[in-house]
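1. any chance you can model this:
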Amino acid sequence: MAKRAAALELAVLGLLHGAPMHGYELRKRVTALFGWGRVLSYGSLYPLLKQMLRDGLIVEDTSDVEAVRSVSGAHNASTRVARAGRRGKIVYKLTAAGKDRFAELVSSSGPSAWDDDNFGVRFAFFGATATEIRLRILEGRRNRLEERLEGMRMSLSRSAGNDSYTSELQRHELESVEREVHWLTQLIDNERAHRSPVTRPNTGPTANAIREETLTHRGDAPAPTATNPE
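-> Numbers count the residues shown, from 1 in each chain. You can find the predicted model right below:
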């Protein structure tokens, strides 16, 4: 839970460092950072925002809300409040203390920076991270996954006679980690050569292409693909 809270704090500070946002947009952007399979609830976000307000890391801009509350006197008070709730959006902005806190967080490079809960968020803000810190995090992440790979390979070899579906799931997880290790190695090489990551098109590779790349990486020959006659 503590790791999740730390990642959430970094995500909020990092996003607000880019631009002020209201709560709904902030929640949507944070959810995208964590991955759509881990939807962020308002019950997680708003307590953190309140704590950040108390700590002076962010401030609220309520100018839109106040403007809506100043509607014509022809409306009664309840109508004004309803319209404020419907139209007014509190915008959160980073303070100088918030910027300092964000700089502190992106400068840290301990083991928590490359664990499963935090790595994706840390990577999202690599643009604001020094090169040596980026390298330390990437290498730490790769080392951790290589250790994981060793255990996964041993587990797969021991379960050779088990249910075929269980073995296939283990093989799929193994290949996923192998691909990430390969990706991390490319990023590390780029960092050392002072190159930016290669921009990829939005359309990803086909399943067959990924499978062939993985088999090649493992030293196996991909099975021939049948073709339909014209």
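
2. am I right that Val59 is in a helix?
-> No - residue state for Val59 (DSSP: H, G, I helix; E, B strand; the rest coil) corresponds to strand; a helix is not indicated.

3. for it, give me the pLDDT.
-> For Val59, the model assigns a pLDDT of 97.

4. how about the helices in this structure?
-> Assigned by DSSP state H, the helices in the chain fall at 2-18, 23-34, 42-55, 63-69, 77-87, 96-106, 119-124, 131-158, 164-192, 207-218.

5. ok and the second one relative to helix 2-18, angle-wise?
-> For helix 23-34 and helix 2-18, the angle between their directions (axes from the mean of the first three to the mean of the last three C-alpha atoms, to 10 degrees) works out to 120 degrees.

6. got a list of what Arg136 touches?
-> Ser109, Ala113 (C-beta atoms under 8 Å, 6 or more residues apart in numbering). Bear in mind the C-beta positions are built from the backbone N, C-alpha and C, glycine included.

7. how near is it to Lys93?
-> 31 Å (C-beta to C-beta, to the nearest Å).

8. what does Ala103 give?
-> The gap separating Ala103 from Lys93 is 17 Å, by C-beta to C-beta.

9. what does Pro47 give?
-> 19 Å.

10. go on, Val106?
-> Note on Val106: its distance to Lys93, by C-beta to C-beta, is 19 Å.

11. which of those two has more neighbours?
-> Neighbours per residue, other C-beta atoms under 10 Å: of Val106 and Lys93, the larger number sits with Val106, 23 against 13.

12. show me where pLDDT drops low in this protein?
-> 1-2, 36-42, 64-88, 160-161, 198-230 (pLDDT under 70).

13. domains in it, by residue range?
-> The chain breaks down by automatic domain parsing into domains covering 2-114, 130-218.

14. need the contact list for the nearest residue to Ile90 once chain neighbours are set aside.
-> Counting by C-beta to C-beta, 6 or more residues apart in numbering, Ile90 lies nearest to Glu60, which is 5.1 Å off, once chain neighbours are set aside. For Glu60, the contact set (C-beta under 8 Å, 6+ apart) comprises Leu53, Ile90, Val91, Tyr92, Lys93.

15. nearest to Trp183, of these?
-> Nearest to Trp183 out of these is Tyr92 (C-beta to C-beta; 33.3 Å).

16. Ile90 contacts Met21, correct?
-> No - applying C-beta atoms under 8 Å as the test, Ile90 and Met21 come out as separate, 10.1 Å apart.

17. quick one, which of these two is more surrounded?
-> The neighbour comparison of Ile90 against Met21 (other C-beta under 10 Å) goes to Met21, with 19 against 13.

18. now that one: how far from Ala5?
-> For Met21, the distance to Ala5 (C-beta to C-beta) stands at 20 Å.

19. now do Leu138
-> Going from Leu138 to Ala5 by C-beta to C-beta gives 24 Å.

20. more crowded one of the two?
-> Leu138 (24 against 14).

21. out of the domains of the chain, deepest packed?
-> Most buried of the domains of the chain, by mean neighbour count (mean count of other C-beta atoms under 10 Å): domain 2-114, with a mean of 15.

22. centre of the chain versus it, how much separation?
-> Relative to its chain's centre, domain 2-114 lies at 17 Å (C-alpha atoms, centre = their mean, to the nearest Å).
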